[in-house]
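In: Below: sequence and its predicted model.
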Amino acid sequence: MQRVTIVGSGFAALTAIRTLRAQDRSVEITVVSPKAEFHYLPGSIWIPSGIRQPEDLIIPLKPFFTRMQVRHVAAQASGLTADGRLLKTSEGDIENDALIIASGGRFIKKLPGIEHAVTPCEGIPAAMKIGERLKAMESGAIAVGFAGNPKEPSAMRGGPMFEFLFGIDRQLRLEKRRNRFKLIFFTPAASPGQRLGPKAVAGLMREMERRDIETRLGHKMVEFTNSGVVTEGDAFDADLILFMPGMTGDRWFDNTELPRSPGGLIKADAQCRVEGLQRVYVAGDSGSFPGPEWMPKQAHMADLQAVAAAKNLLADFNGETPKETFKVELLCIVDSQTSGMLVARTTKHNIVIPNMAIFHWLKRFFEWWYLRRYR
């Protein structure tokens, strides 16, 4: 029996499991992650407003693992030896005949004073903290921004920050206290949202102007303080700072000989194969893949890569040449609690449809549809 080990239990990992099982019931699958849980982070944008509670977004995976005949090891990956055949973990070594790395990345938190900022995509507790802070504030300035990894253009996640920004604006208006707050959007990019496409950039800037959101653009970050943000071209007060840094590779990669990109991610080819290692694949935020600079780090892209990785792994087992590739596609709804902007981008098209209430409800429906297979 062929043994497959998957590191992680997020979007890419779970999609890889479903793809493997749909095509081969005989392989032995072991999943290594700290908990047998799936945290649906796209829904965390609704936690500060109370539209979602943590228990709505934390899905216990034991029933899914049982259905998929998966063995779960509650552990942290810590290293990799024997050309990828031996995964080291906090609970001991695990041998494999093939490996899929889907443990995600980590945020670069080197900026001085970053402890004064909340990083929303770090998890559900961060979204809860934002909600608590908003409830405690009677007035003040709220600054929302993001940056990238200068050595890895694709290793950034700016989309959710627009959603938190617009969502907070809408929440304050519904609570009839928006007039007591100043909202500021900041980023080192002179034209934010480029990864969403030129049409989206114009739409986002118009939306900020319509909502009376100030912008501070095009200046490199210097530091955060307990009372504001400092850039090379400006400094401004903020009582609450939400900031998404650029991303790099998971910390356990440093204890391996995995090939790394300049930005610290695992180098892979168009078939999601890790360079120089046999039957070692990567999907999602952990990997650096060939393709356009705007290739997104988002759940949809991770799913597409995971399908390719799983199919190619099985081809490897069968002695065939892995040929499956993934489509580079950005698809998202920039939500603002009661409406949303639809953005789609491929190598050939860029579609942007302005705010409509139907897109908010479509995003909520998609969440239900996506999570039902794991509940």
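Out: That came in fine, so what should we check first?
In: For the rest of this, base every contact and every neighbour count on C-alpha atoms.
Out: Fine.
In: Return the list of helices and strands in contact with the worst-scoring helix or strand of the chain on mean pLDDT.
Out: When the helices and strands of the chain are scored by mean pLDDT, DSSP states H and E, helix 198-210 comes last with a mean of 89. In terms of contacts (3 or more C-alpha pairs under 8 Å, 6 or more residues apart in numbering; DSSP states H and E), helix 198-210 is packed against strand 350-356.
In: angle of the strand it packs on against helix 198-210?
Out: 30 degrees (axes from the mean of the first three to the mean of the last three C-alpha atoms, to 10 degrees).
In: Mind giving me the packing neighbours of the helix or strand following strand 350-356?
Out: Counting by DSSP states H and E, the next helix or strand C-terminal to strand 350-356 is helix 357-371. With contacts defined as 3+ C-alpha pairs under 8 Å, 6+ apart, helix 357-371 has these neighbours: strand 330-335, strand 340-345.
In: Just say which of the ones you listed is most tucked in.
Out: strand 330-335 (a mean of 22; mean count of other C-alpha atoms under 10 Å).
In: Sheet-wise, list the partners of that one with their directions.
Out: strand 340-345 (antiparallel) (DSSP bridges).
In: can I get the CA coordinates of the partner strand in PDB?
Out: Extracted in PDB, the C-alpha atoms of strand 340-345 (Å, rounded to 0.1, in the frame of the first residue of the first chain):
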ATOM      1  CA  GLY A 340     -20.000  43.100  -2.500                       C
ATOM      2  CA  MET A 341     -17.800  43.800  -5.600                       C
ATOM      3  CA  LEU A 342     -17.100  40.800  -7.900                       C
ATOM      4  CA  VAL A 343     -13.600  40.500  -9.200                       C
ATOM      5  CA  ALA A 344     -12.400  37.900 -11.600                       C
ATOM      6  CA  ARG A 345      -9.000  37.700 -13.400                       C
END
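In: distance between it and the chain's centre?
Out: 17 Å (C-alpha atoms, centre = their mean, to the nearest Å).
In: Give me the angle between it and helix 357-371.
Out: 70 degrees.
In: Which residues does strand 340-345 contact?
Out: 196-197, 200, 329-335, 350-360 (C-alpha atoms under 8 Å, 6 or more residues apart in numbering).
In: Also stretch 233-241?
Out: Contacts to stretch 233-241, defined as C-alpha under 8 Å, 6+ apart, come from residues 116-118, 133, 140-144, 216, 219-220, 226-230.
In: hmm, back to that, following element in sequence after the least confident helix or strand of the chain, please.
Out: For helix 198-210, the following helix or strand on the C-terminal side (DSSP H and E) is strand 214-217.
In: can you tell me the average pLDDT over that following strand?
Out: The average pLDDT within strand 214-217 is 96.
In: Okay, buried residues for it please.
Out: 215-217 (16 or more other C-alpha atoms under 10 Å).
In: Just name the closest of the residues you listed to Lys176, please.
Out: When the buried residues of strand 214-217 are ranked by distance to Lys176 (C-alpha to C-alpha), Thr215 comes first, at 22.7 Å.
In: quick one: contacts for that closest one?
Out: Shown in contact with Thr215 (C-alpha under 8 Å, 6+ apart): 184-186.
In: So which of those are in strands?
Out: Among the contacts of Thr215, DSSP state E puts 184-186 in strands.
In: can you list those in a markdown table and add distance to Val274 and neighbour count?
Out: As requested, the ones in strands among the contacts of Thr215 are arranged in a markdown table below (distance: C-alpha to C-alpha, whole Å; neighbours: other C-alpha atoms under 10 Å):
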| residue | distance to Val274 | neighbour count |
| --- | --- | --- |
| Ile184 | 41 | 21 |
| Phe185 | 37 | 22 |
| Phe186 | 36 | 22 |
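In: Can you lay out these as JSON lines showing pLDDT and distance to Val32?
Out: Output for these, formatted as JSON lines (pLDDT from 0 to 100; distance: C-alpha to C-alpha, whole Å):
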{"residue": "Ile184", "pLDDT": "98", "distance to Val32": "40"}
{"residue": "Phe185", "pLDDT": "97", "distance to Val32": "38"}
{"residue": "Phe186", "pLDDT": "96", "distance to Val32": "37"}
